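Participant: Fold the following.
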Amino acid sequence: MMDDDEPPKTAEYQRGDVDVLSRAPLIGTLELIGDDDQPIELELDRGSAEALMAVLTIFLLKGEGEDAPNATTPNEQ
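Facilitator: Numbers count the residues shown, from 1 in each chain. Next comes the predicted model:
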């Protein structure tokens, strides 16, 4: 839990892959880089990965102009 006096910590995705630690149950980590340039490991299981995909899809669907959603399939590109 964060202290109310501390500003929220931010992190950036650096295009790394998910490190799969276990396949059954599905568990992995995704490395992010914090605003202090220190690595942060985001722990994922199947449920959290599916929830993250859902909110990222909703985010992408909100794009407009050049950031509008692309309705093509990978085979059409």
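
Participant: contacts, neighbours, all on C-alpha from now
Facilitator: OK.

Participant: so where's the protein shaky on pLDDT?
Facilitator: Along the chain, the parts satisfying pLDDT under 70 run over 1-3, 71-77.

Participant: Contacts only, for the residue nearest to the spatial centre of the chain.
Facilitator: The centroid of the chain falls nearest to residue 52 when counting by Cα atoms, centre = their mean (6.3 Å). Listed by Cα atoms under 8 Å, 6 or more residues apart in numbering, residue 52 has no contact partners.

Participant: Same question for residue 16.
Facilitator: With Cα under 8 Å, 6+ apart, residue 16 has these contacts: 30-31.

Participant: tell me the phi and psi of it?
Facilitator: Note on residue 16: its backbone torsions stand at phi -90, psi 170 [degrees, to the nearest 10].

Participant: For residue 31, see how far away it is.
Facilitator: Distance of residue 16 to residue 31, given as Cα to Cα, to the nearest Å: 7 Å.

Participant: Repeat that for residue 56.
Facilitator: 17 Å.

Participant: Over to residue 43?
Facilitator: For residue 43, the distance to residue 31 - Cα to Cα - is 9 Å.

Participant: next one: residue 41
Facilitator: Taken as Cα to Cα, the span from residue 41 to residue 31 is 5 Å.

Participant: With residue 57 instead?
Facilitator: In terms of Cα to Cα, residue 57 sits 20 Å off from residue 31.
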